[in-house]
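Q: Coordinates for the following, if possible.
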Amino acid sequence: MKKRALVTGGAGFVGSYLVEALLSKGYQVIVVDNLSTGRRENIPDACRFYQIDIESPKLLQLFAKEKPNIVWHLAALTDTSVSLESILHDLEINLLGTLNTLKAASQIKCEKFIFTSTAAVYGDTPKLPISENSALNPISPYGVGKLTCENYVRMFCDFYGIKYTILRYGNIYGPRQYQKGGSGAIPIFIKKMLSGETPFLFGDGNQIRDYVYVDDVVEATLKAINKGDSKIINIGTTKGISTRRLYKLIATLLDFKASPKLIAGRSGEIVNSVLASNLAKKELKWRPKTDIKDGLDKTVKWWKGIKH
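A: The predicted structure follows:
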């Protein structure tokens, strides 16, 4: 009998790649997504798809019906703005949605719960690259919420005897990534340059980020099926790149000549973030394979081939 894999956020950027990979490995895949940012066309016909909110009571009924063996919880709001509105929205979706998903998973006693977290839980860290033992000092509602969710995942899974792995992603990029509000530098830059607009940079543009290609992220996320039990693991490249340098690489690929505009920085935005991957190599037997130039080339080619 095929094992059942349930993916929340499975119509989204990373989730849709994960769903395809699970299908290729012979899993029966259930996708939960409210399509607020995910896209219906990303979901393969071979999946069972439920368009519901993760904070909905219907989620418990769905779990009881489908009885997934493994749960990947990717659905999340990724707004980093510091405002009362964004904090309340974050609490509703990220915190209450995660608690609801944990409750559903614990009621059926699934075999493993894999939670996707973020480098935002570290905040601004003076020493790079950032290890899993670095201080946790999130500076955005998103980072605070994800850190709180990590603790609930650990608590619930330990209490109910469910295996778990928590993955802290760096900045993921690749085909199918669309802009979400003001976030997503790579799709924003590419889309604007293709339309002849000049993108802007926040602050001086010297912020450092760890960009990891989506195929590499999915490979690591799949390895967590059988590895990394009870661990919190960074998924990054250990290599940082400035926003200015990123702009130049994309501009070169698109033969875009204009220099970027500069505007004031945003509250709640981390200055420098690069993740150490030593633990991922040890626990997941994983290391990133895609160079930033190759990944950007693939991403730009995809954008050139779609309708905007």
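
Q: going forward, measure contacts between C-alpha atoms and count neighbours the same way
A: OK.

Q: Regarding this structure, what is its longest helix?
A: Across the chain, the helix with the greatest residue count (assigned by DSSP state H) is helix 141-160.

Q: got a list of contacts for stretch 287-301?
A: 173-175, 190, 211-213, 216-217, 236-237, 249-250, 253-254, 277, 280-281 (CA atoms under 8 Å, 6 or more residues apart in numbering).

Q: hmm, 6 Å instead?
A: Stretch 287-301 has contacts (CA atoms under 6 Å, 6 or more residues apart in numbering) with 174, 175, 216, 281.

Q: Reformat those as a markdown table; add pLDDT and neighbour count.
A: What follows is the contacts of stretch 287-301, written out as a markdown table (pLDDT from 0 to 100; neighbours: other CA atoms under 10 Å):
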| residue | pLDDT | neighbour count |
| --- | --- | --- |
| 174 | 98 | 23 |
| 175 | 97 | 20 |
| 216 | 98 | 18 |
| 281 | 98 | 16 |
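
Q: Closest one to residue 130 out of these, please.
A: Nearest to residue 130 among the contacts of stretch 287-301: residue 281, at 14.8 Å, using CA to CA.

Q: Can you tell me the SS state at that closest one?
A: Following DSSP: H, G, I helix; E, B strand; the rest coil, residue 281 is assigned to helix.

Q: State the distance from it to residue 141.
A: Going from residue 281 to residue 141 by CA to CA, to the nearest Å gives 30 Å.

Q: same deal with residue 25?
A: 36 Å.

Q: what does residue 4 give?
A: With CA to CA as the criterion, residue 4 and residue 141 are 33 Å apart.

Q: one step back: taking the contacts of stretch 287-301, tell me the two that lie furthest apart.
A: 175 and 281, at 25.1 Å, using CA to CA across the contacts of stretch 287-301.

Q: Please spell out which residues along the helix-or-strand element of the chain with minimal mean pLDDT are buried.
A: Within the chain, no helix or strand scores below helix 84-90, which has a mean of 82 by mean pLDDT, DSSP states H and E. The neighbour-count check on helix 84-90 (16 or more other CA atoms under 10 Å) flags 86, 87, 89, 90 as buried.

Q: Next, format those as JSON lines and append distance to residue 299.
A: Converted to JSON lines, the buried residues of helix 84-90 look like this (distance: CA to CA, whole Å):
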{"residue": "86", "distance to residue 299": "30"}
{"residue": "87", "distance to residue 299": "32"}
{"residue": "89", "distance to residue 299": "30"}
{"residue": "90", "distance to residue 299": "29"}
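
Q: Looking at those, spot the one nearest residue 195.
A: residue 86 (29.9 Å).

Q: Touching, residue 120 and residue 143? I think so.
A: Yes: using CA atoms under 6 Å, residue 120 is in contact with residue 143, at 4.7 Å.

Q: Comparing the two, which residue is more hemmed in?
A: Counted by other CA atoms under 10 Å, residue 120 and residue 143 do not tie: residue 120 has more neighbours, with 28 against 25.

Q: more crowded one of residue 4 and residue 141?
A: More neighbours surround residue 141 than the other of residue 4 and residue 141, with 25 against 18 (other CA under 10 Å).

Q: show me the contacts for that one.
A: residue 87.

Q: Can you tell me how far it is from residue 92?
A: For residue 141, the distance to residue 92 equals 12 Å [CA to CA].

Q: do residue 164 as well
A: Per CA to CA, residue 164 is found 23 Å from residue 92.

Q: which one of the two has more residues nearby?
A: residue 164 (28 against 15).

Q: Doesn't that one lie inside a helix?
A: No: applying three-state DSSP, one finds residue 164 to be strand, outside a helix.

Q: Run through the bridge partners of it.
A: Following DSSP bridges, residue 164 is listed with bridge partners residue 113.

Q: residues touching it, list them.
A: Contacts of residue 164 (CA under 6 Å, 6+ apart): 112, 113, 114, 229, 230.

Q: Apply 8 Å and report the result again.
A: Contacts of residue 164 by CA under 8 Å, 6+ apart are 112, 113, 114, 115, 153, 154, 157, 228, 229, 230, 231.

Q: The first one against residue 73, yeah?
A: To tie it back to what came earlier, the one meant is residue 112. No: counting by CA atoms under 8 Å, residue 112 stays clear of residue 73, with 10.9 Å between them.
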